[in-house]
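Colleague: using only what follows, build the 3D model:
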Amino acid sequence: MGSRVLSNGSRLIGATPPRPDQSKTTNPDNIRVASYIRNSEEEANPERQRATISGWLGRHGFVLGKEYHDQGGRRHQLHDEKKRPDWHNLIRDIKSGSWDLLVVDDCTRLGFITQRELVEIVGICEDNGVQLWEAFTDRQLCDDDITSIILNAVKADRNKAQLENLARTSLGGRLAQAKKGCYTGGFISYGTALSCQDANRVERWRVETHPGYKLELIHADGRVEWIHSVPRDRRPGEEIYQVLSKYLDRRAVVQRIFAEYTTQAISANAIAMQLNREGIKSHTKSGLWYGSLIARTLRQPLYTGRWAFGKWTAHRYATVVNGVATNIKGNGKTKRKDHQDWVWTGKLFDGIVSQETLEAAQARLSPHTKRAPSNPDLWLSGLVFCSMCSGRMSGWHAKNRNPRLSYRCDT
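Modeller: The predicted model follows:
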């Protein structure tokens, strides 16, 4: 085996000649070097990491064979190949013996959360004869000395603590905004709009949604623009509030949905089908109504003039408990919270649906005890999901001249 002494005194051991199909870009000592870069959507430019790695390579006389780069992959998505495809490509190449050395800007760029995940990454490198280096500190992460192991463990703990603190702080900021009735992001409900207002509640612009989820930006002076996303040009003292749509026909559709669902023996799917037959468009990309969209409308408390924050949770590090952002470990799976755990605002505007009507709709939407399928062969009803819309599928038994069994979703 060959060896090479780096400028900081560490010795690179176990280098093997490149394979015939390996990239021709190799350094003089046949040590095959790869780098990994991961940057978030917010940090769109990877040049800072690339410059640090390039400087480290230059100081030690290495030439980079290949750069692996993931854009937007989060730390908790270490094992999600769809979110971090190049990381998984790198691991496969390491296991196939393609590389002798892997360098990263900082070990946190590897995207681990726990000490166990860091140890797993280090183990994969060591098992396949690959040395893992941190360019920022010029430190080898695969070293067997106890100091390196302790430093890596401390860094993993600090990394996790930073994530927990960031999650709680971020959630606390959104919660404070929500309590004022401000928009905190997400899908704009049918029949509502967004209004940018100053401290005196004077509107400067508003955003209305249209079929195809097209956004209409209406300025205070009457100018109209069609945009792709909610503007971010807030001035000092301005906030973006959720308000009712200026289009009265949409308010009437919302009232009709609540009235029919709470006073008639009619399902959400039936209401959707009737609206589609009448040519009444929703504001979704397809312009169509679905049972799931009707149910979503019936669950929206904003129509009462008040808004509730924290109706759903998909937390890993923090969630709202008793109206306060609190660090609690979660599994990241989406779950609907009980009504008593929601954080309600005061009255924002005169509602178009009463609180009693909203509660009646919520009660009817609440899950009931599941009954056995009408046909014993439809035992997968409610257990399978649609590959197109991800909605839960129900058994369907067509009782006609050609009886057949199938599974269908709301769409």
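
Colleague: doesn't residue 33 make contact with residue 63?
Modeller: Yes - between residue 63 and residue 33 there is a contact at 6.9 Å, judged by CB atoms under 8 Å. (Each C-beta comes from the backbone N, C-alpha and C, glycine too.)

Colleague: of these two, who's got more company?
Modeller: A count of neighbours by other CB atoms under 10 Å puts residue 33 above the other of residue 63 and residue 33, at 22 against 13.

Colleague: wait, what's in contact with that one?
Modeller: With contacts defined as CB atoms under 8 Å, 6 or more residues apart in numbering, residue 33 is in contact with 27, 57, 62-65, 99-103.

Colleague: do residue 179 as well
Modeller: 309, 343, 345.

Colleague: can you say which of the residues you listed are buried?
Modeller: For the contacts of residue 179, a burial check counting by 16 or more other CB atoms under 10 Å picks out 309, 343, 345.

Colleague: mind listing the helices for this structure?
Modeller: With DSSP state H as the definition, the chain shows helices at residue ranges 47-60, 85-95, 115-127, 146-179, 248-263, 268-277, 291-298, 355-365.

Colleague: relative to residue 73, which of those helices is closest?
Modeller: helix 85-95 (6.9 Å; CB to CB).

Colleague: select, out of the helices of the chain, the one closest to residue 230.
Modeller: Ranking the helices of the chain by proximity to residue 230 (CB to CB) places helix 146-179 first, at 13.8 Å.

Colleague: looking at the protein, which helix or strand is least sure?
Modeller: The weakest-scoring helix or strand in the chain, judged by mean pLDDT, DSSP states H and E, is strand 11-15 (a mean of 45).

Colleague: comparing the helices of the chain, which gets the lowest mean pLDDT score?
Modeller: Among these, helix 146-179 carries the lowest mean pLDDT, a mean of 71.

Colleague: of the contacts of residue 33, just the buried ones, ChimeraX syntax please.
Modeller: Buried subset of the contacts of residue 33, written as a ChimeraX selection, criterion 16+ other CB under 10 Å:
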select :27,57,62,64,65,99,100,101,102,103
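
Colleague: quick one on the thing from earlier: columns distance to residue 296 and pLDDT on top of the buried ones among the contacts of residue 179, output as CSV?
Modeller: Listed next are the buried ones among the contacts of residue 179 as CSV, based on distance: CB to CB, whole Å; pLDDT from 0 to 100:
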residue, distance to residue 296, pLDDT
309, 16, 86
343, 19, 87
345, 19, 88
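
Colleague: in JSON lines, list the helices of the chain along with distance to residue 396.
Modeller: Compiled in JSON lines, the helices of the chain are given as follows (distance: least, CB to CB, whole Å):
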{"stretch": "helix 47-60", "distance to residue 396": "52"}
{"stretch": "helix 85-95", "distance to residue 396": "37"}
{"stretch": "helix 115-127", "distance to residue 396": "44"}
{"stretch": "helix 146-179", "distance to residue 396": "40"}
{"stretch": "helix 248-263", "distance to residue 396": "22"}
{"stretch": "helix 268-277", "distance to residue 396": "12"}
{"stretch": "helix 291-298", "distance to residue 396": "14"}
{"stretch": "helix 355-365", "distance to residue 396": "21"}
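
Colleague: tell me the most buried of the ones you listed?
Modeller: The highest mean neighbour count among these, using mean count of other CB atoms under 10 Å, belongs to helix 291-298: a mean of 20.

Colleague: still on that earlier bit, nearest to residue 280, of the contacts of residue 33?
Modeller: Checking the contacts of residue 33 against residue 280 by CB to CB gives residue 102 as the nearest, at 57.4 Å.

Colleague: is the closest one in a bridge, and if so with what?
Modeller: residue 34, residue 132 (DSSP bridges).

Colleague: so who does it touch?
Modeller: Here residue 102 is in contact with 33-36, 90, 94, 125, 130-133 (CB under 8 Å, 6+ apart).

Colleague: now residue 197: how far from residue 251?
Modeller: As for residue 197, its distance to residue 251 is 20 Å (criterion: CB to CB, to the nearest Å).

Colleague: return the distance of stretch 61-73 from the chain's centre.
Modeller: Offset of stretch 61-73 from its chain centre (CA atoms, centre = their mean, to the nearest Å): 25 Å.

Colleague: just so I know, which of the helices of the chain lies nearest residue 328?
Modeller: Using CB to CB, the nearest of the helices of the chain to residue 328 is helix 146-179, at 9.5 Å.

Colleague: can you list the contacts of residue 179 in JSON lines and add distance to residue 264?
Modeller: Shown next, in JSON lines, are the contacts of residue 179 (distance: CB to CB, whole Å):
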{"residue": "309", "distance to residue 264": "31"}
{"residue": "343", "distance to residue 264": "32"}
{"residue": "345", "distance to residue 264": "31"}
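
Colleague: strands - which of those land there?
Modeller: Residues of the contacts of residue 179 located in strands (DSSP state E): 309, 343.

Colleague: for the contacts of residue 179, which one is nearest residue 408?
Modeller: residue 309 (34.0 Å).

Colleague: enumerate every residue touching the closest residue to that closest one other than its chain neighbours.
Modeller: Nearest non-adjacent residue to residue 309, counting by CB to CB, 6 or more residues apart in numbering: residue 178, 3.6 Å away. Neighbouring residues of residue 178 by CB under 8 Å, 6+ apart: 184, 307, 309-310, 343, 345.

Colleague: and residue 178, how far is that from residue 342?
Modeller: 10 Å.

Colleague: and the nearest residue to residue 316 once chain neighbours are set aside, its phi and psi?
Modeller: Once flanking residues are discounted, residue 316 sits nearest to residue 332: 4.8 Å by CB to CB, 6+ apart. Main-chain torsions, residue 332, degrees, to the nearest 10: phi 80, psi 0.

Colleague: how many other residues sit next to residue 332?
Modeller: Counted with other CB under 10 Å, residue 332 comes out at 11.

Colleague: hang on, it packs against residue 317?
Modeller: No - using CB under 8 Å, residue 332 is not in contact with residue 317, being 9.5 Å away.

Colleague: need the pLDDT of residue 67.
Modeller: As predicted, residue 67 sits at a pLDDT of 95.
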